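Chemist: A predicted structure for the sequence below; I have some questions about it.
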Amino acid sequence: MKSKENVCPICKGTGWVEVKRGVKKCSCQFKSISSSIYRRMNIPKRYQDKNFNNFIVNKKYKHHLIISRLKDYIILEEYKKGKGFFLVGKPGVGKTHLAVALLRELFLKKNIVGLFYDTRSLLFKLKASFEGSESSREILEEVVNTPVLVLDDLGSERLSDWARDILHYIIINRYNDLKPMIITSNIELKSKNEDELEDSLEERMGSAIASRLSEVCEILPVKGQDMRGSKLLELQESKGS
């Protein structure tokens with residue numbers, strides 16, 4: 001039996017209610033996110049206002065189709081099957097924006113409190129915890145068990161054996177437990193040329209991990225201009241939430 005614990009009783013999770021002249025957004029769509037929820041999700045302040053509405057859509061790069069797909073993912077509750085996404089593209093095209101927007105929507109529509117981590121920050125925190133008071137086991141348990149995990153900027157640099165082992169542990173455990181991962185990366189998941197594995201996550205993390213991720217993560221190429229430090233970014237921030 002499907003649990004109705006996190007489904008809005010008014011719109012039944014669709015986000016819309018019928019009115020005399022058609023449909024309108026349900027009141028649950030205007031639910032706000034408190035600062036405590038942002039802290040629980042570990043979303044950086046820079047990205048706390050990012051949502052699907054203030055993403056600058058360029059039809060040339062099919063951004064509208066990407067956003068539509070991410071919204072369908074929530075409506076169809078594909079996360080319950082452990083399905084996620086691999087958002088790949090050059091720096092500054094909006095991958096992190098989209099990943100955070102998805103986390104926000106999952107909370108607003110389904111009351112799911114996910115977790116965001118920049119991959120390098122996570123590895124640094126885990127390494128530092130060995131010498132500090134916070135237990136690395138507690139951090140790992142949180143990352144492994146959170147309902148939805150965003151790993152931002154995965155594979156952006158060469159990994160040490162220790163870092164690779166940690167990421168393998170996280171990915172394999174979430175894969176086995178059907179817990180979805182939303183991953184952003186500047187490099188392809190698998191090399192298009194089997195004889196040349198350079199500049200792919202497969203080359204940096206191994207074929208076993210790449211194979212698991214390709215099974216549970218739908219690859220969504222994100223193309224566009226680098227919006228960091230550009231007039232596009234200024235326009236985006238002027239729109240607000």
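Modeler: On my side now, so go ahead.
Chemist: care to break this structure down by domain?
Modeler: 1-30, 34-239 (automatic domain parsing).
Chemist: Out of the ones you listed, indicate the one that is most buried.
Modeler: Burial among the domains of the chain, expressed as mean neighbours by mean count of other CB atoms under 10 Å, is greatest for domain 34-239, which shows a mean of 17. C-beta coordinates here come from the backbone N, C-alpha and C atoms, glycine included.
Chemist: that older thread, could I get the domains of the chain as CSV with mean pLDDT?
Modeler: Shown next, in CSV, are those (pLDDT from 0 to 100):
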stretch, mean pLDDT
domain 1-30, 67
domain 34-239, 90
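Chemist: A strand includes L87, no?
Modeler: Yes: counting by DSSP: H, G, I helix; E, B strand; the rest coil, L87 is found in a strand.
Chemist: correct me, but it touches V100?
Modeler: No: the criterion here is CB atoms under 8 Å, and L87 misses it with V100 at 11.1 Å.
Chemist: For stretch 170-182, measure first residue to last.
Modeler: 13 Å (CA to CA, to the nearest Å).
Chemist: How far away from the center of its chain is that stretch?
Modeler: Offset of stretch 170-182 from its chain centre (CA atoms, centre = their mean, to the nearest Å): 13 Å.
Chemist: Just the residues contacting it, thanks.
Modeler: By CB atoms under 8 Å, 6 or more residues apart in numbering, the residues outside stretch 170-182 that reach it are 78-85, 87, 99, 102-103, 140, 143-151, 209, 212-213, 215-217.
Chemist: who's in contact with the residue of the chain positioned farthest from its centre?
Modeler: Within the chain, the residue lying farthest from the chain centre (CA atoms, centre = their mean) is K20, at 37.0 Å. By CB under 8 Å, 6+ apart, no residues touch K20.
Chemist: where's the residue lying closest to V148 once chain neighbours are set aside relative to F52, distance?
Modeler: Computed as CB to CB, 6 or more residues apart in numbering, the closest residue to V148 that is not its neighbour in sequence is G114, at 3.5 Å. Distance of G114 to F52, computed by CB to CB, to the nearest Å: 16 Å.
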